[in-house]
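1. Build me a structure from this.
(chains A and B)
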Number of protein chains: 2
Amino acid sequence: MENPASKLSRRTFVSTGAVAILSAHLGMAEAQPQGDPLPSWNAGSAKDAILAFVRDTTDKSSSNYVEPADRIATFDQDGTLWTEHPIYGQAAFALARVGDMAPSHPEWKTTQPFQTVLSRDYAAMAKFTEADWLQIVAVTHAGMSTQAFEGLVNDWLAKTKAPRFNRPYTDLVFQPMLEVMQHLRANGFKTYIVSGGGQEFIRVYSQRVYGVPPEQVVGSSIVTNYVNTNGKPELMREPKPFFIDDGPGKPVGINLFIGKRPQAAFGNSGSADLKSGDAQMLEWTQAGPGAKLMMLVLHDDAKREYAYGPAKGLPDTSVGTFSDALLAEATKNSWTVISMKNDWKRIFPFDQ
Amino acid sequence: MENPASKLSRRTFVSTGAVAILSAHLGMAEAQPQGDPLPSWNAGSAKDAILAFVRDTTDKSSSNYVEPADRIATFDQDGTLWTEHPIYGQAAFALARVGDMAPSHPEWKTTQPFQTVLSRDYAAMAKFTEADWLQIVAVTHAGMSTQAFEGLVNDWLAKTKAPRFNRPYTDLVFQPMLEVMQHLRANGFKTYIVSGGGQEFIRVYSQRVYGVPPEQVVGSSIVTNYVNTNGKPELMREPKPFFIDDGPGKPVGINLFIGKRPQAAFGNSGSADLKSGDAQMLEWTQAGPGAKLMMLVLHDDAKREYAYGPAKGLPDTSVGTFSDALLAEATKNSWTVISMKNDWKRIFPFDQ
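-> Presented below is the predicted three-dimensional model:
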């Protein structure tokens, strides 16, 4: 069963947040690895697939050699690079913004969907419709300049801790995936984030958290308008969707923003109808010539992070759905499914 | 007076084409300059402004020092990097496509606007409305995959020679601007094309002609849809505008695709109402902190290329308009106006 709230939040701008363990992450992203480039991965077919792909595409004597200019790897964010449970970080940002703005909006006490948010009725929030979420996004993400929005995201990241781990959202990044990004970059690949979440939200922290510069973040976006008042030009964010980078929108976004086809793509989700999530990004990647690497992160580790599917009998939580249909696609197309429980020695940078 | 045909062609996908002087341009784009990095520029304030800007932003002891990751320079294409007269190259491509497709469309012999195109009635074509051009773009640029479109552009570039110079369109690039791009790149700047022309059109030749990779080309685009038929995924081009990267759309496009504000911006056009062309890109660039470089190419050299304004009493040709209003903005904001006649020693790479 699809939760409309999470469906909308997946589709529109809603992913996750961040104050950084600056030095740790930066060091992680930029240092050249010595010896094993993937120390947080257990030995196994997933790790082998990554190492073999990089060797094969960068060895000039290989028939699968790829010119450095064409080395492109794309990564979904929520659930692939960082934790997306219990709700997407960007959804948490939106809800927090409603709280912060409430004093100036006394009418929200008796107006839906704001009344529900302010009453912290999470069961009712889980039933929000797309229209409810669009209203929330409109007041929390639009009606301000791009610069003002960046400031709001930064402030929220600095003061907010994610549930369960009680750490800033940007601490909850997956150490094994940081190592993959770093290994790819060390071998001449350009690493891109290709997320259903908000492009301008992710860009605020992508460099410091993932070592991915803003120009390599592709995501969902709303309309912006250029306004020059008294010689002070600004880009104003409007409450109107512009591009939805989800499902079939991911190859569209990759072509629009990059103009090259990736050799490697990493995701974790796919709805039962496969219209939301990462399936098309992996298909599009695989359909190109030469050696390819398609991987899906399966959250099967309730002890160290979260466990959800419903594939493989895992709980169906509706956030970051890994459907049976996605698993069937993975099997049919020989995509590698990464088991967090079995393939990852360490989940977070702060794990010992 | 605004020519509606050229106005539309400026606004939607219509710029210019290319087979390359491969070796010459690649050498140009990639080699590190020895001594004077701008040998095709005459001594003067324009050349000085470029050299001073690069020194100021890359000298660590300067208060205007810019970190390498933030060094962004944006270039309009038509009229700034290559010749746009007598018509934009992409308009020439569209008209040629109508001719190529005509045998399969006998109805065009009696249907406008195709009848006019097929009769080569250039005077009538100059009076085409936006609706006429949209029809032409719809049949010539859409209804095919992105891959098929790339093939068509490549084929056209290979077989087509531009008027007057009787050379491939991509020969008609401005040697002094290639030197500026190269000098900026040699000093850590990322060079972007930010054009009202079609993004996917320009990407076909941007690397080989300008040394600018596809992911650094921002332009106008039409909607694409992901279609997976029998396991063969394609992106289909639809006859529907998606993003118009012109006038106020240029800062919007820069923010959308790059997510950083440029330190340097180069253009050449601005309609009388300034709503089309490069004015907003230069304003947006200038409004950021630190040292900035804003430059406009004035085509005042009928002998070696073309002369048009109507600024400074030059002919008003309606393609690539440099209006009096744009000149007034340049004066007010201290933007540098480059005189092709006086500032450029050489126009094209093939000039001796």
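2. all strands of chain A, in order?
-> Assigned by DSSP state E, the strands in chain A fall at A:72-75, A:144-145, A:190-198, A:217-229, A:232-243, A:264-267, A:293-298, A:336-339.
3. angle of the longest one against strand A:232-243?
-> Pointing back at strand A:217-229 there. Comparing the axes of strand A:217-229 and strand A:232-243 via axes from the mean of the first three to the mean of the last three C-alpha atoms, to 10 degrees yields an angle of 140 degrees.
4. Can you name every helix or strand that strand A:217-229 contacts?
-> strand A:190-198, helix A:199-203, strand A:232-243, helix A:249-257, helix B:249-257, helix B:279-286 (3 or more C-beta pairs under 8 Å, 6 or more residues apart in numbering or on different chains; DSSP states H and E). Glycine gets a C-beta too; all of them are placed from N, C-alpha and C.
5. Which stretch among these approaches A:T140 most closely?
-> The closest of those to A:T140 is strand A:232-243. By C-beta to C-beta, the value is 9.8 Å.
6. Please tell me how far the residue nearest to the spatial centre of chain A sits from B:G99.
-> Against the mean C-alpha coordinate of chain A, by C-alpha atoms, centre = their mean, the closest residue is A:Q77 at 1.6 Å. The spacing between A:Q77 and B:G99, counted by C-beta to C-beta, to the nearest Å, is 47 Å.
7. swap in A:K232?
-> Remark: distance between A:K232 and B:G99 (C-beta to C-beta) = 49 Å.
8. wait, A:D132 sits on A:Q112?
-> Yes: counting by C-beta atoms under 8 Å, A:D132 touches A:Q112, with 7.2 Å between them.
9. So if I had to pick from these two, which one is more boxed in?
-> With neighbours defined as other C-beta atoms under 10 Å in any protein chain shown, A:D132 and A:Q112 compare such that A:D132 has more, 20 against 12.
10. pLDDT score for the more buried one?
-> Note on A:D132: pLDDT of 90.
11. what sits against the closest residue to it other than its chain neighbours?
-> Counting by C-beta to C-beta, 6 or more residues apart in numbering or on different chains, A:P113 is the residue found nearest to A:D132 once chain neighbours are left out, at 4.0 Å. Taking C-beta atoms under 8 Å, 6 or more residues apart in numbering or on different chains, we find A:P113 in contact with A:M125, A:F128, A:D132, A:W133, A:Q135, A:I136.
12. Try it again at 7 Å.
-> Contacts of A:P113 were listed using C-beta atoms under 7 Å, 6 or more residues apart in numbering or on different chains, and they are A:F128, A:D132, A:Q135, A:I136.
13. and what of A:Q175?
-> Listed by C-beta under 7 Å, 6+ apart, the contact partners of A:Q175 are A:S40, A:R346, A:I347, A:F348, A:P349.
14. What is the nearest of these to chain B?
-> Chain B has its nearest neighbour among the contacts of A:Q175 in A:P349, at 22.2 Å by C-beta to the nearest C-beta.
15. For that closest one, which non-adjacent residue is closest in space?
-> Using C-beta to C-beta, 6+ apart, the nearest residue to A:P349 is A:Q175, at 5.0 Å.
16. That neighbour and chain B, how far apart?
-> Note on A:Q175: its distance to chain B, by C-beta to the nearest C-beta, to the nearest Å, is 24 Å.
17. circling back: right, so the strands of chain A: which one is the most enclosed?
-> strand A:264-267 (a mean of 28; mean count of other C-beta atoms under 10 Å in any protein chain shown).
18. what is the mean pLDDT for that strand?
-> In the prediction, strand A:264-267 has an average pLDDT of 98.
19. May I have the strands that pair with that strand, each with its orientation?
-> strand A:72-75 (parallel), strand A:293-298 (parallel) (DSSP bridges).
20. Contacts for it, please.
-> With contact meaning C-beta under 7 Å, 6+ apart, strand A:264-267 is reached by A:53, A:73-76, A:80, A:184, A:277-278, A:281-282, A:285, A:292-296.
21. if we can go back for a sec, CSV for the strands paired with strand A:264-267, including mean pLDDT and distance to B:S334?
-> Shown next, in CSV, are these (pLDDT from 0 to 100; distance: least, C-beta to C-beta, whole Å):
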stretch, mean pLDDT, distance to B:S334
strand A:72-75, 98, 40
strand A:293-298, 98, 51
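22. closest to B:Y210 out of those?
-> Once these are compared by C-beta to C-beta, strand A:72-75 is nearest, at 20.0 Å.
23. to the chain's geometric centre, what's the distance from that closest one?
-> 12 Å (C-alpha atoms, centre = their mean, to the nearest Å).
24. quick one: contacts of it?
-> Strand A:72-75 is contacted from outside by A:81, A:181, A:184, A:189-194, A:254, A:258, A:260, A:262-266, A:281, using C-beta under 7 Å, 6+ apart.
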